[in-house]
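generate a structure from the sequence data that follows.
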Amino acid sequence: MKAFEDLPEALRSACAGFLDHLAVERGSARSTLDSYSRDLRRYGLHVAESGARTLRDVDARHLASFAAELREGRGEHAPLAPSSAARALVAVRGLHRFAHAEGWVDVDVAREVSPPSPARRLPKALPVDDVLRLLDGADGRDVRGLRDRALLELLYSSGARISEAVGLDVDDIDSGERTVLLNGKGGRQRLVPIGRPALEALDAYLVRARPVLAARGRGASAVFLNSHGGRLSRQSAWNALKSAAGRAGISSAVSPHVLRHSFATHLLEGGADVRVVQELLGHASVTTTQVYTLVTVNTLREVYATAHPRALRRDT
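The predicted model follows:
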């Protein structure tokens, strides 16, 4: 693998073997593999500079000094953000666990490594009224407008990631069942229901606009097409959202992921079970979904503080 070509042969082979394991047996996403590749190259160079030629040469001191390098930086390497440093240590821990399981090393020296928990950031969610104004900002009067309205309605109605939305093919939409089949991270698929406004916007686009765009290309199967008849890119989808937000007069930062956050938050505020929301979002763990419950609790706390007659008083 080219990413590791400047590492000693044994380290290069170990890193490449671990990434192959993640890709083939674990089905890890390409973005994850790319990030781990950078992290492991940095780790390999670090231990090689200390004289290690194989993973058998690595001990706890190498791990400690690498963790310090991630925090403080060294040479051409700037300090990493806490979340990036945690990811790098997860990659290193996975490498050593894999090497031990394969019998390449006798001891897993990284077994006690515990990446720091990154600060829990609350997802940004738009109020329902802002979402409705945003959707209305995609006017839907011409070919591009019809496409953009359908795209934004789908994002909010399904909670899809932007990559999942632009990755949709026409056969993935079942109008009769009111569902879409989304291809998520790690090759996992999920069937998600969508509301009538999204279906109506999709139907208007598929009937009145998509044939015009498709005629400019070579018969792409994608639902959302660009002006040349090819599959719409994530950047173009983001631009459609940005334009709609501008027309709606929404000043807060808006991104495709904000619509996903809004989808989850509004469901929970409406009484949906967190595990149902987990399935709809395609989260592998409910822990990831539970961060949205913090948003709804904060909302409840604010309402209580302003509405309850004794919320701000001290009982006597």
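
drop to CA atoms for contacts and neighbour counts, all remaining ones
Will do.

now name the helix or strand holding Phe66.
Per DSSP states H and E: Phe66 is located in helix 60-72.

pull that helix out as CSV, backbone CA atoms only.
Listed next in CSV are the C-alpha coordinates belonging to helix 60-72 (Å, rounded to 0.1, in the frame of the first residue of the first chain):
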residue,chain,number,x,y,z
ALA,A,60,4.4,0.8,26.2
ARG,A,61,7.0,3.7,26.0
HIS,A,62,6.4,4.0,22.3
LEU,A,63,2.7,4.3,22.8
ALA,A,64,3.1,6.9,25.5
SER,A,65,5.4,9.0,23.4
PHE,A,66,3.1,8.7,20.4
ALA,A,67,0.1,9.9,22.6
ALA,A,68,2.2,12.8,23.7
GLU,A,69,3.0,13.7,20.1
LEU,A,70,-0.6,13.7,19.2
ARG,A,71,-1.4,16.1,22.1
GLU,A,72,1.6,18.4,21.8
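
can you give the contact residues for it?
Applying CA atoms under 8 Å, 6 or more residues apart in numbering, the set of residues contacting helix 60-72 from outside is 43, 46-47, 50, 78-82, 85, 89, 109-110.

any of these buried? List them.
Tyr43, His46, Val47, Pro82, Ala85, Leu89, Val109, Ala110 (16 or more other CA atoms under 10 Å).

where does the first one land in three-state SS?
Taken by DSSP: H, G, I helix; E, B strand; the rest coil, the conformation at Tyr43 corresponds to helix.

wait, it sits on Val90?
No - here Tyr43 does not reach Val90: they are 11.6 Å apart, not a contact under CA atoms under 8 Å.

coming back round to it: least confident pick among the buried ones among the contacts of helix 60-72?
Across the buried ones among the contacts of helix 60-72, the bottom pLDDT score, 82, is held by Pro82.

contact partners for Ala198?
By CA under 8 Å, 6+ apart, the neighbours of Ala198 are Ala150, Glu153, Leu154, Ser157.

next, the buried residues of the helix or strand harbouring it.
Applying DSSP H and E as the criterion places Ala198 in helix 196-208. Using 16+ other CA under 10 Å as the test for burial, helix 196-208 gives Ala198, Leu199, Ala201, Leu202, Asp203, Ala204, Tyr205, Leu206.

if I pick the second one, what's in contact with it?
Right, the one you point to is Leu199. Counted by CA under 8 Å, 6+ apart, Leu199 has contacts Ser175, Arg178.

10 Å instead?
Ala150, Glu153, Leu154, Ser157, Ile173, Asp174, Ser175, Gly176, Arg178, Thr179, Val180, Tyr205 (CA atoms under 10 Å, 6 or more residues apart in numbering).

for the last one, what are its contacts?
For Tyr205, the contact set (CA under 10 Å, 6+ apart) comprises 140, 142-151, 199, 211, 223-224.
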